[in-house]
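>>> Can you look at this prediction? I've put the sequence above it.
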Amino acid sequence: MSPSPFFEQLFEHARQITPYLDGKVALSSAPNQTDLLYFEQPCSDTIQKLYEELKRAHPEAGAAYWLTRTWTLLCWQPIYVAFVAIYACRGLPELRSIGQTVQTNFISGFQFADTGYREGKREQLIYAAGEQLKQLFDFYRDEMNQWVRVRPGFTNHLFADGVLACLVKLSQLTPELTRDEIRAHAKLWLNACGLPEKLAESLKSGHDENSLKLIRTSCCLVYKCQGRKLCADCPRHPDNKQPKRAVGIKTT
């Protein structure tokens, strides 16, 4: 069975973003497949296996990195799919029905068993996407909490940075959107995802009048891996640190 035109368009646009974002419709896939993550299907062991693989691959990086990388891998595809669907396809699939393929040290490839999707105004779709992403990520966190403590504050900053990074990419792909429009979209997304609106301030003006750059509020800790450096958008990067205010000395 070939996917509907909406899903064909969604998968094509997703692959143009990155070939790792490879989607398909798989109505007959068994939801309990061990290498697939499905909403409300037990997957704690599968996620822990990914964590342990990252630990073996980068023993020098430490537990904070293994946890951060695991969470980032769980969330990157659903966020990207939401953006591609809304901005490129003007619709939204049921994000909670997404199945994600777990590979060695990585999560790449997704599928939908539910081919239903909704249409509507962009703001409505953003709020629907935010609610579905919250539910999906809460489920992942509950599954991980069976074997490691995962604080909501920790995951929320990574969630927000993932959303804002997609908005920066959107601004690059759609130059007709002004910086103010992208910032307005950022506040919509953050509100929809139950995240603090003030995090939109992480979007900074770029080198020209319409470009934007992100200074993240979270660090992926990849610099702890041997041979790796700080990311350009990392808050720890020297270029992104706020200059200290000079303290004057009073003279009389």
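Sure thing, it's come through. Note that the coordinates shown come from a computational prediction; the quantities given were computed from them, not determined experimentally.
>>> Name all residues that make contact with D233.
Going by CB atoms under 8 Å, 6 or more residues apart in numbering, D233 touches A165, K213, L214, I215, R216, N240. To be clear about C-beta, it is placed using only N, CA and C from the backbone, and glycine gets the same treatment.
>>> Among the residues you listed, name the ones in strands.
K213, L214 (DSSP state E).
>>> Highest neighbour count among the contacts of D233?
Using other CB atoms under 10 Å as the neighbour test, the contacts of D233 are led by R216, with 23 neighbours.
>>> so what's the backbone phi/psi at the closest residue to it other than its chain neighbours?
Distances taken as CB to CB, 6 or more residues apart in numbering put D161 closest to R216, at 4.4 Å, once the chain neighbours are dropped. Phi and psi for D161, reported as degrees, to the nearest 10, are phi -60, psi -30.
>>> re earlier: can you add distance to E119 and pLDDT and give the contacts of D233 back as JSON lines?
Converted to JSON lines, the contacts of D233 look like this (distance: CB to CB, whole Å; pLDDT from 0 to 100):
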{"residue": "A165", "distance to E119": "26", "pLDDT": "97"}
{"residue": "K213", "distance to E119": "32", "pLDDT": "94"}
{"residue": "L214", "distance to E119": "30", "pLDDT": "96"}
{"residue": "I215", "distance to E119": "35", "pLDDT": "96"}
{"residue": "R216", "distance to E119": "33", "pLDDT": "96"}
{"residue": "N240", "distance to E119": "39", "pLDDT": "92"}
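>>> Kindly indicate which of the contacts of D233 lies nearest L173.
When these are compared for distance to L173 (CB to CB), A165 wins out at 12.9 Å.
>>> In contact with the closest one, which residues?
L214, R216, D233.
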